[in-house]
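Trainee: next comes the sequence, and after it the predicted model I'd like to discuss.
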Amino acid sequence: MERRQFGSTDMKVSVLGFGAAQIGKYKAPVEVVEQLLGSALDAGLNVIDTAECYGISEELIGRTVGHRRQDYYLFTKCGHAEGLADLPDWDPGLVEPSIDRSLKRLKTDYVDVVHLHNTPEKLLRQGDLIEELQRMKDKGKTRYIGYSGDSQAALYAIECGVFDSLETSLNIADQESIDLTLPEAAKGGMGVVIKRPIANAAWYIGKQPGGKIHQPYWDRFNQLRYDFLQGDDVMGQVSIALRFTLSVPGVCTAIVGTRKADRWLQNAEILKDGPLEVEQIQAIRDHWKAVARADWIGVE
């Protein structure tokens, strides 16, 4: 598994990471998660990304691979109350208790990155939330700090110069970051984590999926109608989509979520096809620019 330098940090990360939202929100069985993460770590995975609001995700990670903590970099997020306190989301008072809870769930003394989770730009600009997160770094509860989000808020997070990492959306149906934020993140020496690198594979959902994540991508694909997404070769389509995302300059790792025991290994296998051809990358970019609407930005 190829590894890339993660910005200015001391980490070299696997290009294919693991996004743990699905195992937590859909309460994947422990034995499935043990097989999924155990086999992935054996095959070269070294980035596991989760959040305090992903159901039982953190508990599952701690229970199944907590004993292998030195084998992977662990990223989590904070910002949402999630039953922790009678405070609004993104209140600075949530930061330390949220991180302490995450550490307990994950069975570890520290995480490698804590990302502020979809914090609105207005609240970022107030500064107190960022200061609290920096304090957690100073206390050794996280080695690095980052921002997870999109568009103008992500741009401000880069420009303020305090974050080590950016987690943002990028895929064949979500390309704003290619021009808006990724070049600036690279200039700032930030590590870049890509979420939803295959747009939840929403193109092969046979009916309107509903939900704030799947529905927007499904709608976009119905208008984009990429030629390479026609037909029944789903893994071939995933291959093109994932390799496109990983071809973008500045991308360090792409986190793909699944609750199927063998899916991470299947995705790792398709990366052996190597980089996507330059002509195909350009064709995807050209088609996006011709069809995409101005409001097709990251999906929260």
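Mentor: Looks like it came in fine.

Trainee: for residue 172, give me phi and psi.
Mentor: The phi and psi values for residue 172, taken as degrees, to the nearest 10, are phi -70, psi -10.

Trainee: ok, it touching residue 243?
Mentor: No: using C-beta atoms under 8 Å, residue 172 is not in contact with residue 243, being 10.4 Å away. (Glycine included, C-beta is placed from N, CA and C.)

Trainee: more neighbours: these two, which one.
Mentor: Using other C-beta atoms under 10 Å, the more surrounded residue of residue 172 and residue 243 is residue 172, with 26 against 20.

Trainee: return the residues in contact with that one.
Mentor: Residues in contact with residue 172 (C-beta atoms under 8 Å, 6 or more residues apart in numbering) are 198-199, 224, 226, 240-241, 244-245, 284, 288.

Trainee: residue 182: which of those is nearest?
Mentor: residue 245 (11.1 Å; C-beta to C-beta).

Trainee: from the centroid of the protein, which residue is nearest?
Mentor: residue 195 (3.0 Å; C-alpha atoms, centre = their mean).

Trainee: okay, helices next: where are they in the stretch 151-300 of the chain?
Mentor: 151-159, 176-180, 182-187, 214-224, 234-247, 263-270, 278-291 (DSSP state H, counting those that start in this stretch).

Trainee: quick one: closest of these to residue 140.
Mentor: Of all those, helix 151-159 comes closest under C-beta to C-beta, at 22.6 Å.

Trainee: which strands and helices lie in contact with the closest one?
Mentor: With contacts taken as 3 or more C-beta pairs under 8 Å, 6 or more residues apart in numbering; DSSP states H and E, helix 151-159 sits against helix 121-126, strand 142-148, strand 165-169, helix 176-180, helix 182-187.

Trainee: tabulate those in JSON lines, adding columns for distance to residue 79, mean neighbour count and mean pLDDT.
Mentor: Formatted as JSON lines, the helices and strands packed on helix 151-159 follow (distance: least, C-beta to C-beta, whole Å; neighbours: other C-beta atoms under 10 Å; pLDDT from 0 to 100):
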{"stretch": "helix 121-126", "distance to residue 79": "9", "mean neighbour count": "15", "mean pLDDT": "97"}
{"stretch": "strand 142-148", "distance to residue 79": "9", "mean neighbour count": "24", "mean pLDDT": "98"}
{"stretch": "strand 165-169", "distance to residue 79": "12", "mean neighbour count": "27", "mean pLDDT": "98"}
{"stretch": "helix 176-180", "distance to residue 79": "20", "mean neighbour count": "19", "mean pLDDT": "97"}
{"stretch": "helix 182-187", "distance to residue 79": "20", "mean neighbour count": "18", "mean pLDDT": "98"}
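
Trainee: against residue 55, how distant is residue 75?
Mentor: 17 Å (C-beta to C-beta, to the nearest Å).
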